[in-house]
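S.K.: Just the structure for this:
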Amino acid sequence: MAESVRRLLGKPGAVDLRPYTKLLSAIEAEEDGLRELGDAELTDRAIELGNAELPYSRDDLVRLCAVGREAARRSLGERPFDVQLLGVMALLDGHVAEMATGEGKTMAGALAAAGFALRGRRVHVMSVNDYLARRDAEWMRPLYDMLGVTVGAISEESTTQERRDAYSCDVTYGPVSELGFDVLRDRMVTDIADRVVPEPHVAIIDEADSVLVDEARVPLVLAGAAESVSSSEEMADLVRTLKPRLHYEIDDEGRNVQLTDAGIDAVEKALGGVDLYSEEESSLLPQVNLALHAHVLLQRDVHYVVRDGEVRLINESRGRIALLQRWPDGLQAAVEAKEKVAVSETGEVLDSITVQSLVLRYPTRAGMTGTAMSVAEQLREFYELEVAVIPPNKPNIRKDHGTHLYATREEKEDALVAKAEEVHATGRPILIGTQDVAESERLAERLRKAGLECVVLNAKNDADEAAIIAEAGTYGAVTVSTQMAGRGTDIRLGGSDMSDRERVVEAGGLYVMGFGRYPSSRLDGQLRGRAGRQGDPGDSVFFVSMDDDLVVNNVSETSGYTTGDDGEITDEAWLATVDHAQRVSEGQLLEVHRNTWRYNQLIDVQRDVVLEHRELVLTGNEGDQHIRQDRKEHHANLVEEVGEDKVAQAARLVTLYHLDRGWTDHNAFLSELREGIHLRFLGRRDPLDEFNREAVPVFKGFLDDARARAAQSFEELEAVDGELDVSDVGVKRPSMTWTYMVHDHPFSSAFETLAGRLKGGQKR
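M.R.: Numbering: from 1, shown residues only. You can find the predicted model right below:
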């Protein structure tokens, strides 16, 4: 009844764990018998569980958990806790298991993956980066071996053959980006033997909230080399001469910048007296605006870093370098020109897929994370996933203190440093979470001046993040970290020196400080969750100021408060304002997610139509049949000259080329349409309706047009020395391709994309 009512009201809630907890005593009862078996006999017991279909029956679930527990004890030296087995059962039922930091998500995920694999399902365990994918696959390999399950891993450096080998295993670990890139590459093959990704069955998503929510709207892109006519360096030099308030103005939220009339005059004069708004010079205004956005709105060490002569974006949800991430629409090149580094090659987008669309390819989805309930509504709305809140193995005794609010950032910083000095004097390790790279380095310098030596973990040294964060629990350690860098690695009290653990415990455990609240309460929770692992003691506290971005951008009134001598604001009403600002921010992020999903729904429908037809051409003789019908005489003549097999192959290549070329062009049209759609909003029209109204009719003749172009190309094909060379009729694949993630809409609201603003505007 309670479940029915909850669903009726549409309020997300936790999965009922009682059906799982009832099985725990039966699982434990199996242990003694299993311990008497040899290793080979235990493996046989696991394999026997594969003689049935999913879902697991009650008895089989008991046997699976019991065998898995014993296999883990023998192979890894760790006996899974009851709560870990609850997590395993929740995952096997297709839920997101919320398990606190240090509660053993990695092992729970491995046992669930093995459970799916034993029943014949191919499992992909999605991670947030290469390091965690490789680490977890190798860490759990002895467990998989004992259960009779094969395991592999892919990473950015994996060769094509290494990827095939990994995908041929029962369980494959990989970063979500690489799994997506492999899908995109497979969509462009011209021979089925070139595919690497098998048909998807089960996805288990580690750090599920990060992947399914924070990165859900991030498009993964496959690009091909194309002609570039960018003049980024010239535009970068030009905008450096412009003056704020005279030549350009920034909006109140700091999300948009635009030229003033004086700025337009100055730019037109600098470019030789051109008219920026004339049809002949239509390409100049977007270039100027891109350079202006890069110069004014994108800040070094906040939005990106420059490392090894390259501009590297910072992943906002992780506070670390996004190795393959770029900005769209020439903005990447504009930032590179601003920083005077080599401008990277640009190209046209061949295809893309959002992380959300990638995950939805899997018929069975499950996940695990430490913070899921706060996004339960989104998990249900976008993925049809429910959250199972798994209790900790030991009660959480961490003390979560309230927020300390100050008038200015300087006063906030003073208070945090003073608190850090006080805590450090007791020997307790300290972890300080910051919002960006510049902030972490400034704060670290301030701490050092106060006599507190510290380690800085930010986007500039993320390669070492796991090792650094693992030592953050050492006696007397002070670690400054951007957001959740190092996530996925436990902070053990005492660090690697376990003999020092007791001293840290007696001192009070890890003390976590937040240098500002995050755009989401979930991120606050992740930082707090670094302390209090497995019943350890710990504390957490946040320091906020009224001029923090979170407050300034989401609160209409930020004056009228009173402060103490140290600048602290203790009025409960103003403290509540910070919570309000965070809720507003969360609402905006949710709306962006929904909006991106709505736009991509139509795009995915059209893409599926193209892919379905492409599959018929690739794996069958659809292309040859159509060309035989459309160019009957020429087809017959070529068959007579070179034979049916060579003609069929040429027909397939020509047809695939025009399908892919057509989709690339249509994708560019959709991108341009969406970029400018926000202007319809200004006319009180719904942008999504307008997008659909224009995108649907344009696509109606897609397949017919591709077929006609393929027939025309085939008509021009001639046999030379008994061979058919389709490149003679313009059927050429890109000379090179590369993959990256687009940092979508860095400034925009739900209806206003950055590129739309760049191309918008009217002559004064």
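S.K.: these two touch, right, Val274 and Ser283?
M.R.: No. Contact criterion Cβ atoms under 8 Å: Val274 and Ser283 do not qualify, at 10.8 Å. (Each C-beta comes from the backbone N, C-alpha and C, glycine too.)
S.K.: Among the two, which residue is more densely surrounded?
M.R.: Neighbour tally, Val274 and Ser283, criterion other Cβ atoms under 10 Å: the higher count belongs to Val274, 15 against 10.
S.K.: who's in contact with the more buried one?
M.R.: By Cβ atoms under 8 Å, 6 or more residues apart in numbering, Val274 lies in contact with 268, 281, 284.
S.K.: Can you tell me how far Met99 is from Ser374?
M.R.: 15 Å (Cβ to Cβ, to the nearest Å).
S.K.: So for these two, which sits in the more crowded spot?
M.R.: For Met99 versus Ser374, the count of surrounding residues by other Cβ under 10 Å is larger for Met99: 26 against 19.
S.K.: Report the central residue of this structure.
M.R.: For the chain, the residue nearest the mean C-alpha position is Glu215 (3.1 Å; Cα atoms, centre = their mean).
S.K.: And that one, its phi and psi?
M.R.: Note on Glu215: backbone dihedrals following degrees, to the nearest 10 are phi -110, psi 10.
S.K.: pretty sure it contacts Val176?
M.R.: Yes. Assessed by Cβ under 8 Å, Glu215 is found in contact with Val176 at 7.1 Å.
S.K.: joint contacts of the two?
M.R.: Here Glu215 and Val176 share the contacting residues Val355, scored by Cβ under 8 Å, 6+ apart.
S.K.: returning to what we had before: just the buried members of the contacts of Val274?
M.R.: 268, 284 (16 or more other Cβ atoms under 10 Å).
S.K.: Using JSON lines, please lay out the contacts of Val274 together with pLDDT.
M.R.: Listed next are those as JSON lines, based on pLDDT from 0 to 100:
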{"residue": "Glu268", "pLDDT": "91"}
{"residue": "Glu281", "pLDDT": "74"}
{"residue": "Leu284", "pLDDT": "84"}
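S.K.: Can you tell me which of the contacts of Val274 is nearest Ala668?
M.R.: Leu284 (20.0 Å; Cβ to Cβ).
S.K.: Which residues are in contact with that closest one?
M.R.: So Leu284 contacts 271, 274, 276 (Cβ under 8 Å, 6+ apart).
S.K.: Confidence-wise, which of those residues comes last?
M.R.: Ranked by pLDDT, the contacts of Leu284 bottom out at Leu276 (85).
S.K.: nearest spatial neighbour of that one, skipping sequence neighbours?
M.R.: In this structure, Leu276 finds its nearest non-sequential neighbour in Leu285, 4.7 Å apart by Cβ to Cβ, 6 or more residues apart in numbering.
S.K.: State the pLDDT value of the one you found.
M.R.: Confidence score, pLDDT, at Leu285: 83.
S.K.: what ranges do the strands span in the stretch 551-700 of the chain?
M.R.: 568-569 (DSSP state E, counting those that start in this stretch).
S.K.: Now do the helices for it: every range, in order, please.
M.R.: Remark: helices assigned in the stretch 551-700 of the chain by DSSP state H, counting those that start in this stretch are 572-619, 622-630, 632-642, 644-676, 678-682, 687-699.
S.K.: Just want the angle from the last one to helix 572-619.
M.R.: To tie it back to what came earlier, the one meant is helix 687-699. 10 degrees (axes from the mean of the first three to the mean of the last three Cα atoms, to 10 degrees).
S.K.: And helix 687-699, what's buried?
M.R.: Buried residues in helix 687-699, counted by 16+ other Cβ under 10 Å: 687-688, 690-691, 695, 699.
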